[in-house]
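Asks: Next one to model:
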Amino acid sequence: MNVDSDQQPDVAADTNKSSRWIQLLFVLCVAVAVGFLLRYYTRKSQETADRTWDVYFSGVSTAPIDKNTPYSLDKRLVARLADAAMQIDAALYRLDSAPIADALIEAHHRGVQVRVVTETDNVDEAEIERLQEVGISVADDDDHDGLMHHKFIVIDERYVWTGSYNTTYNGAYRNNNNVIFIDSVPLAYNFTQEFRDLFLDPQGKKSAGAFIAYPKIALADGMQIFTYFSPGNDTISPLLKEINSAEKSIHFMAFAFTHDMLGNAMRDRFKSGIDVQGVFEERQVDKYSEYEAMKKAGLPVVLDRNGGDMHHKVIVIDAETVITGSYNFSKNAEKRNDENLLIIKGNREIAAAYLAEFEKITR
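Replies: Just a heads-up that it's a prediction; the model follows:
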């Protein structure tokens, strides 16, 4: 049966209309998706337009602990994790904080990719097991010759959280700890690559940390960030360079300080007239510590009086350069452990925050 010729244009018209509707629907879907992403990143950009960083300290005191304060390190981290939209990569020496585990699980449930690397000795902790039970990918360092000692988190491949803070109750409320939170895609890339090396190759056959895509990062405010990961990078040379460059002052807060070369460099700077001051964690002072040698050389170094641990690993030079991260000033940190070390230059506001913490601990 032949189709009437006057019906054929109507069929073509219907087909064209359907095609146009499909195209229009596709364009609308793309527009909605783009609009969502633009709103998300615009909001984030507005939040950090005036400042691309924040520095936090644990609120250790002799008063009763207020676990409801929004200013504790665990509450601050939970708030940051709640903002994650796509991905969370966490390299955590320890995780026994239920609120932080809850925040990671909640992110996982809302569709965020969550991955965790932890130290083998701590992989059996209850909060780690809770993550695994809901399907979060967890790797450990497979008991290699050293510790997976990092305490960093990368959020959405843009934000980096790092410092001395282990994600534990004591880390947030009893021990002196610091965290710096930085909005920088290049810095996040450095840390993401370190995380991937650890996550995919815990034994370090790929020489984790040996290559850093952005070793020097300059932010819009003039701040410069230099990134190092041990044991892949040479960490002792840049540390000695910064110490030897001091023109006025060196202040340090050291949980463990046993590296002779660093100790000698600080004693030499003191002899040359530089103001060198430091605070040591009392429980870590032993025959290997640099404390007694510095006291003997006349340096005004003191022992921490906190009932918990003075867990900082910080050096401030000339009230302008800050050295921080998970890196204790020891040969194990240099040669054996997986650690991160940031040298932050050109930001006196950040340096002032760390110096204020130094004064608070030592007064």
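
Asks: What mean pLDDT does stretch 225-238 get?
Replies: Mean per-residue pLDDT for stretch 225-238: 97.

Asks: mind saving the C-alpha coords of that stretch as CSV?
Replies: Provided in CSV are the C-alpha atoms of stretch 225-238 (Å, rounded to 0.1, in the frame of the first residue of the first chain):
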residue,chain,number,x,y,z
ILE,A,225,54.8,27.5,49.3
PHE,A,226,57.5,24.9,48.9
THR,A,227,56.4,21.2,49.2
TYR,A,228,58.5,18.2,50.3
PHE,A,229,57.7,14.6,50.9
SER,A,230,60.1,12.2,52.7
PRO,A,231,61.7,9.9,52.2
GLY,A,232,61.6,10.6,48.5
ASN,A,233,62.8,14.2,48.7
ASP,A,234,65.9,15.8,50.1
THR,A,235,64.4,17.4,53.2
ILE,A,236,67.4,18.2,55.3
SER,A,237,69.0,20.6,52.7
PRO,A,238,66.1,23.0,52.5
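
Asks: In it, which residues are buried?
Replies: 225-233, 235-236, 238 (16 or more other Cβ atoms under 10 Å). Bear in mind the C-beta positions are built from the backbone N, C-alpha and C, glycine included.

Asks: can you tell me which of the residues you listed are in strands?
Replies: 225-230 (DSSP state E).

Asks: Rebuild these as TSV, extending it with distance to V134.
Replies: Listed next are these as TSV, based on distance: Cβ to Cβ, whole Å:
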residue	distance to V134
I225	34
F226	37
T227	32
Y228	34
F229	30
S230	32
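
Asks: Let me know the closest of those residues to H144.
Replies: The nearest member of those to H144, counting by Cβ to Cβ, is S230 at 13.2 Å.

Asks: That closest one touches N332, doesn't it?
Replies: No. At 9.4 Å, S230 does not count as touching N332 under the criterion of Cβ atoms under 8 Å.

Asks: So which of the buried residues of stretch 225-238 is the closest to R174?
Replies: Checking those against R174 by Cβ to Cβ gives S230 as the nearest, at 27.0 Å.

Asks: what ranges of the stretch 51-200 of the chain fall below the confidence cut-off?
Replies: The model of the stretch 51-200 of the chain has pLDDT under 70 over residues 61-65.

Asks: give me the number of residues near I250?
Replies: Look at I250: counted by other Cβ atoms under 10 Å, it has 22 neighbours.

Asks: Helix or strand: which one has it?
Replies: Assigned by DSSP states H and E, I250 falls within strand 249-254.

Asks: Kindly format the C-alpha coordinates of that strand as CSV.
Replies: Taking Å, rounded to 0.1, in the frame of the first residue of the first chain, the C-alpha atoms of strand 249-254 are listed here in CSV:
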residue,chain,number,x,y,z
SER,A,249,65.2,35.1,64.9
ILE,A,250,64.3,31.4,65.0
HIS,A,251,61.5,30.1,67.1
PHE,A,252,60.7,26.3,67.1
MET,A,253,58.2,24.0,68.7
ALA,A,254,59.4,20.4,68.6
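
Asks: need the contact list for Y228.
Replies: For Y228, the contacting residues are 209, 212, 234-235, 238, 340-343, by Cβ atoms under 8 Å, 6 or more residues apart in numbering.

Asks: same thing but at 6 Å, please
Replies: Listed by Cβ atoms under 6 Å, 6 or more residues apart in numbering, the contact partners of Y228 are 235, 341.

Asks: What distance do you get for it to E133?
Replies: Separation of Y228 from E133 (Cβ to Cβ, to the nearest Å): 35 Å.

Asks: quick check, distance from stretch 273-292 to the centre of its chain.
Replies: 25 Å (Cα atoms, centre = their mean, to the nearest Å).

Asks: and it, C-alpha only, in PDB?
Replies: C-alpha atoms of stretch 273-292 as PDB (Å, rounded to 0.1, in the frame of the first residue of the first chain):
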ATOM      1  CA  GLY A 273      73.800  36.600  67.300                       C
ATOM      2  CA  ILE A 274      70.500  35.300  66.000                       C
ATOM      3  CA  ASP A 275      67.700  35.000  68.600                       C
ATOM      4  CA  VAL A 276      67.000  31.300  68.800                       C
ATOM      5  CA  GLN A 277      64.300  30.100  71.100                       C
ATOM      6  CA  GLY A 278      62.500  26.700  71.400                       C
ATOM      7  CA  VAL A 279      60.100  24.500  73.300                       C
ATOM      8  CA  PHE A 280      60.500  20.700  73.500                       C
ATOM      9  CA  GLU A 281      58.000  18.000  74.500                       C
ATOM     10  CA  GLU A 282      59.200  16.900  77.900                       C
ATOM     11  CA  ARG A 283      58.400  13.200  77.300                       C
ATOM     12  CA  GLN A 284      60.600  13.100  74.200                       C
ATOM     13  CA  VAL A 285      63.800  14.500  75.900                       C
ATOM     14  CA  ASP A 286      66.300  11.600  76.200                       C
ATOM     15  CA  LYS A 287      70.000  11.000  75.400                       C
ATOM     16  CA  TYR A 288      69.300  11.500  71.700                       C
ATOM     17  CA  SER A 289      67.400  14.800  72.100                       C
ATOM     18  CA  GLU A 290      69.000  18.200  71.200                       C
ATOM     19  CA  TYR A 291      67.500  19.800  74.300                       C
ATOM     20  CA  GLU A 292      70.500  19.300  76.700                       C
END
